[in-house]
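> One predicted model, sequence on top.
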Amino acid sequence: MSIAAQPRLGFPDLGIGVGLRTAHYREILDGWPAMAWFEVLTDNYLQTEGRPLMVLDAIAARYPVVLHGVGLSIGSTDPLDVAYVRGVAALQARVGARWVSDHLCWTGVLGRNSHDLLPMPLTDAALDHVVGRVQAVQDVLGQPLVLENPSTYVGFRADTWHEADFLAELSHRSGCGLLLDVNNVYVSSRNHGWNPSDYLDRLPLDRVVQIHVAGHTDLGTHCIDTHIGPVVEPVWALLREAWRLGARASILLEWDAEIPSFATVAAEARLAVNALGRA
Amino acid sequence: MSTTSGPLAEEGGNTELLATERVSASRVAPLQATRTRTRQGAAAPLPLAELQAWFFEAVSAPGTLPAGLRSLRTATGVPVEAVLTGGPALSARDRLGVYHFAYRARLIDALADDFPAVRYAMGAPAFARFADRVITRHPSRTPNLNRYGAVFVEALSTPSRLPHRAFLLDLARLEWALVEAIHAPPPPRLDPAELGRIPPEGWGELRFVPNPALRILASRWPVNRYLSAWRREQEPTLPARERSATVVYRVDFTLWRMDLSPMTHGLLQALLDGESLGSALAPLEGRAGADRVMEWFSAWVRGGFFARLA
């Protein structure tokens, strides 16, 4: 069976994990708590040769890890930062990360970086552009790149694709996997007036390698993907729906603001078991 | 002990969570929905590269978004509504405002993570204003923010009318030294046994290669004491002038900072500058006994101050 035809592109189902955060280093290193796997923010471990890598080495020796980046800028019209991609590949090799993910976005242009996940216009030209760059990244990684649906706050007049269709076509043409962030589906659906169930229906869920759940901030007029607080019920419902539709993949909880103890974050992640009735 | 105070462990350090996906909830912009008239864009869509350049200019525009958009409209002739759509509850401008707010908030937060004591000393509003100017003059040009704080130190080192700039600069240098020590590679450490194999008559000619993660900060203010007081939530006020020297270093996972007396500062600085041990000790003749010098030196070797013999 070809990689493309295998569930999750042949990547393993790691179970339910949490994002590795600096605030939890001490609790993890001192107690080695039970956790199926960690997602590591790639960019925190690049451009450093010091303590962050020492901590990551220790954790990767005991737990499965995957790399999740915010700096690839796969949609930028600046030249692909090959040195960055090679740095990611080297980090993956160093810690044995099962896969590498980033976002369908761009972070900067003309040499400047916003450090934000800026929205892609959903056009044919943008699709062609991203497909070529994903393939270039995969040539360096030697495996499919995994791209996440972002939270977005604007739409472009030039858009001719629904975001879910854009991702489906991108995955089909480039061979990349998908990281389905059901919180982002919820947030973007609120911000754009989409139907989140329709969004899930449009995605090739057999190509979903990983799922994110997280909290967000609801401002009434719009939602911001802050990764704060517990996961809200509508997002758990989307997780259940995605699972029922066939997105049987590793699940990860992200918590990035007002981060509580590791035990609290781990307990929140375990709620996915209840949500899915999954052991 | 040789030093004016013992080493202090830095729990955590400052900057290891700079790459986050999202602006924190506490930094979510309060939006006041604008009532701009929506004009349908009649012009052809911008090519992707031009669109991204336009979007970045809008998002990174200094000052308020409306002012930035007016400048951008003047420069490009492209109105927001020709590029972006409104949403169920927000206009295109308000939606763009989410990104405009997040751009500066994220970078200011990153600098505040690196320089928390400087932020306290300046006061949060003044810090934000200064950081905002730094961000405008020095936009980030790398994929991550681990090294971005260097531009903040550079900006403080530029003469300006900023109150207490010289003190703030030294405090920033101390905080930045901690960041650099976090990210420095694990250094090779001089093996004390290697020293033990040197005959006493050969010690005077010894020279040492310093640990690349080690920094000495000399200041006209007691910046390390100020930093310690701030860490202990003692709400320090701006200190009076008093010369100080602080060494910053890392041993495995732990960062340390330690005040140096004038005598130990002079000796250590001379050794780090490549002087032989005999030459570095010469100014201490008659001021420090051999036992004291050996005590200092042993502590420095244990602390990994030296990578190897030169």
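Sure thing, it's come through.

> hey, let's count contacts and neighbours off CA atoms from now on
Noted.

> Strands of the stretch 101-250 of chain A, residue ranges please.
Counting by DSSP state E, counting those that start in this stretch, one finds strands in the stretch 101-250 of chain A at the ranges A:106-109, A:112-118, A:146-148, A:155-156, A:177-181, A:208-214, A:217-218, A:223-224, A:250-254.

> out of those strands, nearest to B:A288?
Within these, the stretch nearest B:A288 is strand A:112-118; the backing value is 52.7 Å (Cα to Cα).

> Quick one: mean pLDDT for the closest one?
Mean pLDDT, computed over strand A:112-118, is 97.

> Only C-alpha atoms, please: export that strand in CSV.
Provided in CSV are the C-alpha atoms of strand A:112-118 (Å, rounded to 0.1, in the frame of the first residue of the first chain):
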residue,chain,number,x,y,z
ARG,A,112,10.5,40.8,7.7
ASN,A,113,8.8,38.5,10.1
SER,A,114,5.5,39.2,12.0
HIS,A,115,5.7,36.0,14.1
ASP,A,116,2.0,35.7,13.5
LEU,A,117,0.2,33.2,11.4
LEU,A,118,-1.0,35.4,8.6
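
> Does that strand pack against any helices or strands, and if so which?
Strand A:112-118 sits against strand A:106-109, helix B:92-114, with contacts defined as 3 or more Cα pairs under 8 Å, 6 or more residues apart in numbering or on different chains; DSSP states H and E.

> Show me how far that strand is from its chain's centre.
The chain centroid and the centroid of strand A:112-118 are separated by 16 Å, computed with Cα atoms, centre = their mean, to the nearest Å.

> Parallel or antiparallel, which strands does it pair with?
Strand A:112-118 pairs in its sheet with strand A:106-109 (antiparallel), by DSSP bridges.

> So which residues of chain B form strands?
Using DSSP state E, the strands of chain B run over residues B:8-10, B:84-85, B:208-210, B:215-219, B:244-251, B:254-259, B:306-309.

> Of those strands, which shows the lowest average pLDDT?
Sorting the strands of chain B by mean pLDDT places strand B:8-10 lowest, at a mean of 56.

> got JSON lines for the strands of chain B, with distance to B:A44 and mean neighbour count too?
Output for the strands of chain B, formatted as JSON lines (distance: least, Cα to Cα, whole Å; neighbours: other Cα atoms under 10 Å in any protein chain shown):
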{"stretch": "strand B:8-10", "distance to B:A44": "56", "mean neighbour count": "16"}
{"stretch": "strand B:84-85", "distance to B:A44": "13", "mean neighbour count": "24"}
{"stretch": "strand B:208-210", "distance to B:A44": "61", "mean neighbour count": "20"}
{"stretch": "strand B:215-219", "distance to B:A44": "56", "mean neighbour count": "20"}
{"stretch": "strand B:244-251", "distance to B:A44": "57", "mean neighbour count": "23"}
{"stretch": "strand B:254-259", "distance to B:A44": "56", "mean neighbour count": "21"}
{"stretch": "strand B:306-309", "distance to B:A44": "62", "mean neighbour count": "19"}
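
> what residues are up against the residue minimising distance to the centre of chain B?
Centroid check for chain B by Cα atoms, centre = their mean gives B:W176 as the closest residue, at 3.4 Å. Contact partners of B:W176, counting by Cα atoms under 8 Å, 6 or more residues apart in numbering or on different chains, are B:114-115, B:149-150, B:153.

> now swap in A:V95 and tell me
Going by Cα under 8 Å, 6+ apart, A:V95 touches A:56-57, A:60-61, A:65.
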